[in-house]
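the sequence and its predicted three-dimensional model are supplied below.
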Amino acid sequence: MLASILTLGGIGLFAAVALGIAAKKFAVEVDPRELAILEVLPGANCGACGQPGCGGYAKAIVAGTMPPNLCSPGGAETIEKIAHIMGVEAVSANPQLAVVCCQGDNLKASLKYRYLGLEDCNAAQKIADGPKTCPAGCLGLGSCMRACPFDAIEITSQGLAIIDRDKCTGCQKCVATCPRQVIKMTPASATTHVLCNSTDKGAQVRKYCQVGCIACQICKKTAPEVYQIENFLARVDYAADGDVLAAVAKCPTKCIRDFSTGYPEGSSFIAPNAPAKTPEEAA
Amino acid sequence: MNLKTFKGGLHPPDGKHYSAHKAIELCPLPAELIIPLAQHIGAPAEACVEVGALVKKGTLIANAKGFVSVPIHASTSGEVIAVEPRLHPMGKALPAIVIKPDGADAWDESLVGADPATLDIEELKRRIQAAGVVGMGGATFPTHVKLSPPPEKQIDTLILNGVECEPYLTADHRMMLEDTERILDGVEILLKVLGIKRAVIGIEANKPDAIETMTRAAAPRNIEVQALKVKYPQGAEKQLIDAITGRQVPSGTLPMEVGVVVQNVGTCAAISDAIRLGRPLVERVVSITGPAINEPKNLLVRVGTPLQFLVDQCGGLNGEPAKIIMGGPMMGQTQLSLETPAIRGTSGLLIFRKQDLPRLESGPCIRCGRCIGVCPIHLQPTTIAGYARLDLFDEAADYHALDCIECGCCTYICPATLPLVQSIRYAKAAIMAKKRTL
Ligand code: SF4
Ligand code: SF4
Ligand code: SF4
Ligand code: SF4
């Protein structure tokens, strides 16, 4: 009994000493700035910066191989802190947020077939290009929702993805996951978006969706500085100056939406669990 | 009878009684034939006719683009009225050539056959490709590619696939009874091309008349007939090779690895026509069947015939169609509409009504292990599907997701009605995509 206690204790002691020596001997010098940066990074390991995780990014900044402004989840504040640690000037990247450019949920867009398979947009897309008649619309099976590390995406009860712009950090995970490229990155400051992704001609769009852009040019006529029609789809020029809002009321299919007062009223855009926010609440 | 087979698999209710006794009839000409340019695995063919062109039956209308590709021919005489995207059996609009028949159904006179004995091997292969011959069991792999193994792969056996293990389908069965000579002629040509002596015809034991007919006709030519146990997917290449030769094709390789080439019986008949008559593959036998069809039939159908027209030839529908399948119920392709045309790979058209399709909600896996028991590849479908659901594709690959032949046995047997094959297909696509980008 005593012998075994002594033996075990002996092994333990030996291991402790050996490990202590090894730790000293093989210690890797870590740049203190790397640790400091790791401290200020959000630790989400989302990959938005282009590195697999925050650790890799911190290392890359210190090594000088990556600029300090790539962490979109961290936002301007983090960029500032990193710049301070590195002793450089903070050049804020233009923050971007994701928008689902589609309003064609199961009530407003038509279906080619009844899909009963796996709840996954990428899997559904493999079956005759997905159950939606529109080849570009949101499938609403939530692949983006599951991919979002920040819980910013919800799927409405009628099968449409919606993004909470307060939670979105612009990491683009959802963009990479969506099989139909419905999710677009837009400047965080922009308030007005065209919520349609169909490049089919107007007559075709009318056949399969009540709320798709029919390229009628009305928005373009209302505010030619900001709206263009490319491939039968209206686009907002986010950089241009002009009356973005005037076209919102004029669009006959209501596919231009104003987000400046929270989620637009009267659309499937109201998050099921999140009531529309007033600007004060959102701030 | 000495019945050979493989391990795993199952036998779903086969519904063959609807059409097994129906002799092959020639399907009349529809108002227009829609001939898609993508009708085989590999690069789609390239149209070489314009709107207004007058064609004969067998006239070349699209050229093969690359080695793994075959040309496409007009399937009747008439006028080309459109070259445009049309709804394809794959579910989307794809380029097609539309022909308005002139009613004469006249063969192109420039097509002449030859005695296979006078042609060398390269010329035989060239003619097989030029005739657009593809695997007619449904996979539509260009036949000439299978016949061109690299020199280090020694082929010693040709296996004729007359299994037709898919429920409901009876087209190959009828061909073996009615086109015995053409099939065996094709086999002899194939033996010459491959430079080998041994050919074995595998037929499931539920077609005793076909076994008898083929045995009688094959015996004087020294071709063996092997009766096989009635089990799905006995007709899948690797399972068939296992049953007949006892050789197992290693994961990720082709049958040539174990010295075998497999061809479908319909393909053999097409090869005989291609060489002896110089006629390209422009028609095939299709079983139009299922509980929703008034008068199930086996029809000789010109490629491009709209499915609706086939249904009309079979007395129409007796009820609202709820599921339309091109091919067999296990591995066939669901159709979104009866506007789509029959193509070279169309072995069957099955239509079911709502009452024929009990639909149960999926529940959680109950770990019964049945999917593992029936998997002919000995995979763990439930594990792979689980990983696929979590997007853990590397793990799915570790469990050999890529070896799945998508036979559907696991999904069929699963008491929790989980969409197992769909999950595995999803994982396979993701794994392949990752491989391509690496
Ligand atoms: S946005 Fe894309 S990924 Fe998200 S639910 Fe819609 S189709 Fe699916
Ligand atoms: S919504 Fe998209 S971009 Fe925004 S945080 Fe989620 S995954 Fe990232
Ligand atoms: S007004 Fe609306 S429908 Fe018309 S082009 Fe502009 S966005 Fe499209
Ligand atoms: S058959 Fe279905 S329930 Fe049974 S183990 Fe497989 S997946 Fe689970």
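The structure has been received and is ready for your questions. Ligands and ions are numbered 1, 2, ... in the order given.

going forward, measure contacts between C-alpha atoms and count neighbours the same way
Noted.

can you tell me how far B:Gly345 is from A:Cys134?
Using C-alpha to C-alpha, to the nearest Å, B:Gly345 is found at 28 Å from A:Cys134.

should've said A:Cys49
33 Å.

which of those two has more neighbours?
Neighbours per residue (other C-alpha atoms under 10 Å in any protein chain shown) separate A:Cys49 from A:Cys134, with A:Cys134 holding more: 25 against 21.

quick one: contacts for that one?
The contact partners of A:Cys134, by C-alpha atoms under 8 Å, 6 or more residues apart in numbering or on different chains, come to A:109-110, A:198, A:205, A:208-209.

recalculate using a threshold of 7 Å.
By C-alpha atoms under 7 Å, 6 or more residues apart in numbering or on different chains, the residues touching A:Cys134 are A:Tyr208.

using the three-state scheme, assign it.
On the three-state scheme (DSSP: H, G, I helix; E, B strand; the rest coil), A:Cys134 is labelled coil.

is the one residue in the stretch 101-250 of chain B that gets nearest to ligand 4 bridged to anything, and to what?
Ligand 4 sits closest to B:Tyr232 of the stretch 101-250 of chain B, with a gap of 16.6 Å, by C-alpha to the nearest ligand atom. Counting by DSSP bridges, B:Tyr232 is bridged to B:Leu10.

and chain A, which residues reach ligand 3?
Contact residues (C-alpha under 6 Å from any ligand atom) of chain A with ligand 3: A:213-219, A:234, A:251-253, A:255-256.

list phi and psi for residue 48.
You didn't say which chain, so I picked chain A. Backbone geometry at A:Ala48, expressed as degrees, to the nearest 10, gives phi -60, psi -30.

and the one 10 residues further on, by the same measure?
Per-residue torsions, A:Ala58: phi -60, psi -40 (degrees, to the nearest 10).

again with A:Cys178
phi -60, psi 120.

tell me which element the closest residue to it other than its chain neighbours is part of?
Of all residues not flanking A:Cys178 in the chain, A:Cys144 sits nearest, at 6.0 Å (C-alpha to C-alpha, 6 or more residues apart in numbering or on different chains). In this assignment (DSSP states H and E), A:Cys144 forms part of helix A:143-147.

list of residues touching the helix or strand just after that helix?
Next helix or strand after helix A:143-147 toward the C-terminus (DSSP H and E): strand A:153-155. For strand A:153-155, contacts defined as C-alpha under 7 Å, 6+ apart pick out A:140, A:142, A:145, A:161-164.

for the closest residue to ligand 3 within the stretch 201-350 of chain B, grab the count of nearby residues.
Using C-alpha to the nearest ligand atom, the closest approach of the stretch 201-350 of chain B to ligand 3 is made by B:Leu336 at 28.8 Å. By the measure other C-alpha under 10 Å, the count of residues near B:Leu336 is 20.

so it touches B:Pro89, yeah?
No. When contacts are counted by C-alpha atoms under 7 Å, B:Leu336 is not listed as touching B:Pro89 (8.2 Å).

can you tell me which of the residues of chain A next to ligand 3 has the most neighbours?
Among the residues of chain A next to ligand 3, the one with the most neighbours (other C-alpha under 10 Å) is A:Cys213, at 30 neighbours.

and stretch B:413-420, C-alpha only, in CSV?
The C-alpha trace of stretch B:413-420 is given here as CSV (Å, rounded to 0.1, in the frame of the first residue of the first chain):
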residue,chain,number,x,y,z
ILE,B,413,-36.7,0.3,-45.5
CYS,B,414,-36.4,3.0,-42.9
PRO,B,415,-39.3,2.8,-40.4
ALA,B,416,-38.7,6.4,-39.4
THR,B,417,-39.1,7.4,-43.1
LEU,B,418,-36.0,9.5,-43.0
PRO,B,419,-34.8,10.9,-46.3
LEU,B,420,-31.6,9.0,-46.1
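
report the buried residues of that stretch.
For stretch B:413-420, burial by neighbour count (16 or more other C-alpha atoms under 10 Å in any protein chain shown) applies to B:413-420.

those residues into a markdown table, with extra columns for secondary structure and distance to ligand 4?
Below are the buried residues of stretch B:413-420 laid out as a markdown table (DSSP: H, G, I helix; E, B strand; the rest coil; distance: C-alpha to the nearest ligand atom, whole Å):
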| residue | secondary structure | distance to ligand 4 |
| --- | --- | --- |
| B:Ile413 | helix | 6 |
| B:Cys414 | coil | 4 |
| B:Pro415 | coil | 6 |
| B:Ala416 | coil | 5 |
| B:Thr417 | coil | 7 |
| B:Leu418 | coil | 6 |
| B:Pro419 | coil | 9 |
| B:Leu420 | helix | 7 |
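
can you pull the phi and psi angles for residue 161?
Looking at chain A here, since you left the chain open. phi -80, psi 140.

wait, chain B was what I had in mind.
The phi/psi pair for B:Asn161 (degrees, to the nearest 10) is phi -90, psi 100.

repeat that for B:Val260.
Torsion angles, degrees, to the nearest 10, at B:Val260: phi -120, psi 140.

swap in the one 3 residues further on?
Note on B:Gln263: backbone dihedrals following degrees, to the nearest 10 are phi -130, psi 150.
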